[in-house]
Structures are given as structure tokens and as C-alpha cells.
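In: Here is a sequence with its predicted model. Questions after.
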Amino acid sequence: MIDLKEMILSKDNLIPLLRKLKKDARLIAPVQNKYGDTLFREIDDIDGTEIDLHNQPQASLKPFFLPQQETLADYTITNGEYSFTPPAKAEDTIFFGVRSCDLTALLYMDLIFSKPSKDPTYYDRRNHSLIITLGCNQPFPNCFCEATGSGPYLEYGYGLQFIDLGDRYFVSAGRGKGADLLKKWAYFFREVNEEDQQKRYQLFLEARGQFTRNIQVAHACRKLEKETVPEEIWEKLSRRCYDCGGCAYVCPTCTCFSIDDMILDAKHGLRIRTWDACTSSGFTRMAGGHNPTDRSRHALKRRFLHKLKYDFERHGKASCTGCGRCIDICFGGVDITTFIDLLTTQTQKKP
Amino acid sequence: MTNSIAELEGADVLLVTGSNTTETHPQIGRNIITAVDHRAKLIVIDPRRTDIAKEAHIHLALRPGTDIALINAMMRIILDENLADDLFISMRTENFIALRDYLHRLDLNELATITGINRDTIHEAACLYARSSKSVICYCLGVTQHTCGTDNVQAVANLAMLTGNVEKKHSGVDPLRGQNNVQGACDMAALPAVLPGYQNLADIDVQERFQTVWGRKTPQIPGKSLTEMTHAGEDGDIKAMFIMGENPVLSDPHLNRVENTLKHLPFLAVSDIFLTETARLAHVVFPAASFAEKNGTITNSERRVQLCPRAIPPIHNCRPDSKIIMELGRRLNCPGMNFDTEAEIMEEISLLTPIYGGMHYDRLAKNWGLQWPCWNRDHPGTEFLHKYYFARGKGCFTITKHQEPYETPEEKYPFTLVTGRGSYHHYHTATMTRKSRRLVREYPEALLEVNKEDSDKLKLRDGETVELASRRGTVHIKTTITDRVQPGTVFSSFHFFEVPINQLTIDAMDPKSKCPEFKVCSVNLRKVKHD
């Protein structure tokens, strides 16, 4: 009996395998469009589409599970009575080429959308999904997942994890659906030998050594547990935050949303859920104008403390996955790494 | 911009004048902030304490409308400190002696008093700018929207030439264009006195070339400027007007006149993506396709012509502006109005506009477009302007003298009103941004910035509605008490039709550019009595 937890897939067999997988589910993978942007999208024609495993997808998986705008229900009024039509059911979907950070983010979202009760549309999509990750042998310039404990390779959470060993993939299976797939398509794979194990370990060590950014995430979390952040830091950061919400929108773990009713006409309307951002002043403004998070001071405070302090207290882990997307999007250069740097270098100096 | 946007990051000194860059040009603001993080020095000239002014090492909070006095003072200090670039001046410029003699006759204390800035601070800023060989000036509408706007720009150019801070990477003079394609519109001669590519209307060779392609004579005399057209009055000589993507009923100064003019036009057609306040006055409205529904190019501040491909088909019966124009042209028996594709239109542009000579769609699709001048197919585009020579040959120093704004505060109207874009969330007359619920939620209503000193004197609470009046009109507006404006100055945006602030602004304009003085007019503000 061979061990079905870990197998080797020759690169020649990747497309044949995906072709089989695609028969039972939608296949979504990163593809570079003609403008040079790499984005996750559905693969219709597997031979005519080149899957891009060399660039970081610009958006995370978030839009597939929590769309930027989704209809929760549409309603019709007949004789003063409301009737609701729930949204369409999710389809079985396999995501291929997902990076470790983005899967970690999804596991965090699972937690958020499970309390107090499971969010129906989120969990419908989630239950119909299988994630195949690709370990990062070469971190991207803004990445720091090593510091957030969400990469470059993963220990759990995936359906399948692929590690690129050059001419072949080292494939590990997670519990449930992933292991089933491996079993079902076993004839594409071969067993793992000692050399494969060695190579995987070697690449893992090399990948860990290739991060260009040294972000002291754990240090920052511990500091935040004990100390309050000096006001000058908030002052400096908030002066440069222009409240565009870009960081929240690209962040794979930002899950703030608002629900609006969109009236189409006298008899029809939609209940829609859209992304929101805690840095937006309107998000917390109450009727009468009072705002517990004043834009000039508290917008970023809420965001950074949530990621690094409150989530650390609640879940034992910061909810930043080190994907680095917020770094390039920020107009003011006050992304989370700026905050961590200020916090860990400035307060260190004090006796 | 004479520079490319990315060059700003490599500058050593950035002088930002009349620009609230982080709010109005956030992408460029990001470059400036990165430069500051890389230890560049930032000087901001602005009467308001904007976010970028807070980042500045030196903030010169001048009295509105005194830019020339300030820059003349800086130039005088540069001469006194022997920081002028003599080699650049002798090789590349002319008329320096006249400027030098004029500057030597000025009294620095007097200039400092005019601007309201401490002389030592001006001295510090002047030396900082002049000592670096990688100094960049970014300016925006705070410089141009004055009755002396052209002279303001000339003063800025003098300052750059005096220190040799042009012609090379990381140093130049950069007007930041306020709308995504206003550079392209100007390039395509949406200006009264030129043909596409800033070619002289009166040049016989130019006329001939256009005549050959267009099949008819080009106009021989310059047309009218925008403000001249919208302020012509009820019996102006314009009989018909076609307004595209513009909302002058909110955006032009002295609105009562604009409305009066448009209402009395025998024929008005408007094409826009939404039914704007201006479109409501029109006899015919063309529903136009938005940027996402059509192909085309957008030319940005750094002269980069970028392809903007269609993302979705036009909704309902909307048509791209080019189709609307072609259909109109055909009905007016205008030859050549039968382009099949946008690429074909670009081919004609390349043929007739030398600076766009090599801008073909296939080339633009690569590498995020090309920067003009791009003379032919093999030309790589131009990163920064004025290397080796200026467009006119030698750079010409022209003396600029301080002149007071058209209106200065007086007993009846003791405050100075400055207008501009008020927030990150709304754009101009908000015809588009107010369609977004999220943006409306973030910035729901017009606000008048009032300094604490003034609000104390008038016994105003934060958020209280006041009556704001000028010689031309009155509006009611909610106040916000802030240190962003100086005492005696108030600021408001022009985003909200409920508070048409341009009813108050003045239509006095710069004699050359015809740009109205949106930045300065005298107003009074009064508590509103509640019954």
C-alpha cells in the first residue's frame, strides 16, 4: 500500500490532471492577461490558456468567496407582501495555483464567517471549493509571510499543496477532498523517494532565506500585548492616510462589509452586500454625526490593532498574512509594514 | 510636465506650489511622499495647510494671490547668495539682464510683507531649492487660476531657469493636469488658438496640410475661450453650442451669468454620461458612453498617451463621443467622418500632429503607451522635455510683477474665498462621484473651512450653517472649523449643486489664458438666524 499523503507529479502530467479535474468542477487559476496583470480567472480552454505560476496574483481569493458586491436576496412586493428569492447556489470549484498566504487568509475568513452562525452564502461557496496551493520557492519583493507564519510552504489547510521541484511537483494532500482526489487520479502520480524529500527540504530552506523584507510581526504583536502605541506613531501614520480604502480592498483578510437595499422600482429591489473598510469614516459614523473613529486619528489605529492585537489575543495569530499587496496600493506609504517598523524600531530605543 | 512622474522620486528638492497633491493627484502624491521618505526636502507653497503641507519641511503659507511676489523674492535671494546657474543662463536663455536688473530694484522686506511670510523662511526655501541640482517644481491650479495666472507660470519658469533646474532628469517644471485626459484634449486643440499638437493656426504650411486631409479650410482666426462663451450674455453672438462632458452651470465662475447665457441660446446640445445640470438646459441631449464602454486613449500629465480599451459594451443606446461627432459631421456634410475604428482615428492624428507622429495603436499597446514628442514609428517617446533646447530655441526670462487680485478684502466683504477640490471623494461637479453611494456616504455635503480665530469672532459652532455672500451671489453652507485655512480666508469646494459656490466666484480672468480667478474673491460670512 503506497502512502497517499505525499506523491510526485511529473510536470508533463499537470495539464492532463487538471483536464480531468475540470470535468467535475470549475477550474480557477492565475492567468496573465494581455496587459500584463495576473489574476485568478476561470479556465475554459485548458490547452489555449497559459496558467501563470510565476507572478503573484494581483487579487487574492477573497472576491470569489466574499464578492465585492453580491446580491443576498432579491425581493418582490405583491399586495403588500414581500417575497424573497435567494441567490443561486454555488458550483463545485477547484482553485489551482493559490499561494500559501491566500489560503491562510481563507482559513481566517472561515473563522470570521462562522460566528455567531455560519454565513450562508460564504459557506455555500466554501463548501463547494477545493484549494490547490503552490508553495513559494521564490518570495515576491513585498512578501513577508515567513514573519506572519503563513508561508512560504504550508502544513495544513490545503486540499493539495504543490511544491515545484524543477521538472516535477511534490504534492501533499490535506484531509478529505484533497486525499480523495489523489486516490482517484493516482495513476498520474508516482511515489516519493528520498531524493524528492531532500530536494523539497532544500528548497524550503532556500525559500526562507530569500525574503528581502524583514518585518518583525511577532515582535510587534508581543509589544502590542503589553504596551500602548505612542501617539506620535498614530499621528504620523494618520497624517498620510487619505482614506481611500485600497488596503482593505486588496487585503485577503479584510472582511468588513455593508448591506444596502437597492430599490429597483416600486415593486422590486435587491439586498446587496458590498465590501467596506473600517478606515472609511462613514463606516462608523452614527446618526447625528458622532463618530467613534475620527478619521484624523483613529482610522488606521482600528485597522492595525485589529490585525495585530485583537486577532492575536482572540486567535493567537495576527490576521496579516504577509502577502504584501497593501504595500504597493497605499498612496501615503503607510501600510502595515510601516506601522510594524515604526513600532518595533521606535519603542525599542526607549529604556 | 517636463519630467516623467517616476522622476519625482529621484528628486532632491521638491517645490510644490498651488497643489493639494495628495488629495487631488494621489498617485503623484505617492511619488512625492516616497521622495520625502528617501530624504528629499519638500517645500510647499499654499495658503492652506493641506495634508501635503503638513509633510513639508518648509510650508510657505502665503496670502492668496501673492505668488509672484514670493517667487521674485526667492529669485532675488538666489542672486544675492550667488546661487544662480550662470552657465545655464548664458548658454540656454536670453533676456536675463533685464530680469536681474529688475530683481535688484526690489525690496525684500516689502515682498515679504506682501506675501505675509517671514523673510527668513523665504530665504531658507530659496537656498534649499537653488542649492540642489535635482530640484523639481510641481504646480497646479493654485498657480493658474488667478488674474495673473500666466505671469505666475512665467515666474515659476524664471525660477527654474535661473537655477538651471530644467533639461535633465529629476529636475523640471511640472504642471499637474487636473483631469484624466485634459492633456489629451489640449494636445488635440480643444483650445481657441491652435490646431492639434499646438500648431499655429496662422502658419500657412500647417493650414495647407490640414486642408489636404480635411478637405476644407481651417479657421483663420482664433476662436473664443470657454469663459468668453459661457459669459456672453443673453444676446451674445453665439447662436448654438455643443457641450461635451462638461458642466459649466456648476463649474464656471459667476454662475448667474452662465445660466443666463445658456438659457438664452437659440440651440444647445449636450453630450454626457449622466443628465447634468447643464444637460437639463439643453434642447438636445446625447447619452454618451463612459470610459469603460469605448476604446480610446488617455494622455496623462507626463504626456503619456495610454490605450484605454473597452471593458463592457455600451449600455442601452449610449454611443461613444467619436460616434456622436461622426454622425453630426455626416449630417453637416463634413467629409471624412467615416472612421471604422479608433485606431483609424489615431492614424489621422499621427499624420497631422507631429508630436503624435509615432503613436500608433499597436505601439501604444506595449509598455503602457508612449510619451510625446514621439516623432515617428521608430521614436521611443520622450522622458523629459527641453534637453539641449527649448521649444522656442532659447528660454526667455520675462519680468513678472506682483499685482493684487481683482478683489481684495474690504469692509463689506472682509474674507477671502478660495475654491478648489474639497476632498478625495468627489470630483469636480460630482456628476459621477455622487452616483456612488459609498462616496456620498464618505463626503455627503459641502463644507466651508473656517479658521478658529474667525469662528470665535463670529461665534460659530462647528457644523453651523452660515450665509456666504459675495458681490455676485449668496449661498448657505455648513462650516467646519479647522487650522487648514488662515484667519481671514475661507475655503470651499464646488462639488455640490445644492451649494453652487461658483455663484460667488468672480469672472475676472487672466488676459492671456482667459482663466478665471477661482482662487480669490472677497466674501462676507454671516450667522444664519434661526426663527
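Out: Cool, got the structure. Residues are numbered from 1 along each chain as shown, chains lettered A, B, ... in the order given.

In: of all of the stretch 1-150 of chain A, which residue lies closest to chain B?
Out: residue A:34 (7.8 Å; Cβ to the nearest Cβ). (Glycine included, C-beta is placed from N, CA and C.)

In: Enumerate every residue touching that residue.
Out: Residue A:34 makes contact with residue B:365, according to Cβ atoms under 8 Å, 6 or more residues apart in numbering or on different chains.

In: Would you mind listing what in chain B touches chain A?
Out: B:22-23, B:26-27, B:29-30, B:33-34, B:37, B:51, B:54-55, B:365, B:424, B:437-438, B:441-442, B:463 (Cβ under 8 Å from any Cβ of the partner chain).

In: all helices for the stretch 101-250 of chain A, in order.
Out: Ranges of helices in the stretch 101-250 of chain A, per DSSP state H, counting those that start in this stretch, are A:120-127, A:145-148, A:177-184, A:194-208, A:217-226, A:231-239, A:246-250.

In: Can you redo the ones you listed as JSON lines, where the extra columns are mean pLDDT and mean neighbour count?
Out: Shown next, in JSON lines, are the helices of the stretch 101-250 of chain A (pLDDT from 0 to 100; neighbours: other Cβ atoms under 10 Å in any protein chain shown):
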{"stretch": "helix A:120-127", "mean pLDDT": "94", "mean neighbour count": "17"}
{"stretch": "helix A:145-148", "mean pLDDT": "94", "mean neighbour count": "24"}
{"stretch": "helix A:177-184", "mean pLDDT": "90", "mean neighbour count": "16"}
{"stretch": "helix A:194-208", "mean pLDDT": "95", "mean neighbour count": "14"}
{"stretch": "helix A:217-226", "mean pLDDT": "93", "mean neighbour count": "18"}
{"stretch": "helix A:231-239", "mean pLDDT": "87", "mean neighbour count": "16"}
{"stretch": "helix A:246-250", "mean pLDDT": "94", "mean neighbour count": "21"}
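
In: Out of those helices, which gets nearest to chain B?
Out: Of all these, helix A:231-239 comes closest under Cβ to the nearest Cβ, at 5.6 Å.

In: Is there proximity between the closest one and chain B?
Out: Yes. Counting by Cβ under 8 Å from any Cβ, chain B is contacted by helix A:231-239 at residue A:239.

In: hang on, the earlier thing: write the PyMOL selection for whichever of the residues of chain B next to chain A are buried.
Out: To isolate the buried members of the residues of chain B next to chain A in PyMOL, using 16 or more other Cβ atoms under 10 Å in any protein chain shown:
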select buried, chain B and resi 22+23+26+29+30+33+51+55+424+438+441+442
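
In: Check the offset of stretch A:101-114 from the chain's centre.
Out: 7 Å (Cα atoms, centre = their mean, to the nearest Å).

In: ugh, wrong one, stretch A:268-285
Out: Worked out by Cα atoms, centre = their mean, stretch A:268-285 lies 20 Å from the chain centre.

In: Count residues in the vicinity of residue B:121, would you?
Out: By other Cβ atoms under 10 Å in any protein chain shown, the residues close to residue B:121 number 16.

In: again with residue B:466
Out: Considering only other Cβ under 10 Å, residue B:466 is surrounded by 21 other residues.

In: need the contact list for residue B:465.
Out: Residue B:465 neighbours (Cβ under 8 Å, 6+ apart): B:476-479, B:528.

In: Dihedrals phi and psi, the closest residue to chain B within the stretch 151-300 of chain A?
Out: Chain B sits closest to residue A:282 of the stretch 151-300 of chain A, with a gap of 3.8 Å, by Cβ to the nearest Cβ. The phi/psi pair for residue A:282 (degrees, to the nearest 10) reads phi -70, psi -20.

In: Please verify my assumption that it contacts residue B:441.
Out: Yes. Residue A:282 is within contact range of residue B:441, at 3.8 Å (criterion: Cβ atoms under 8 Å).

In: For chain B, which residues score under the pLDDT cut-off?
Out: Applying pLDDT under 70 to chain B flags the ranges B:530-531.
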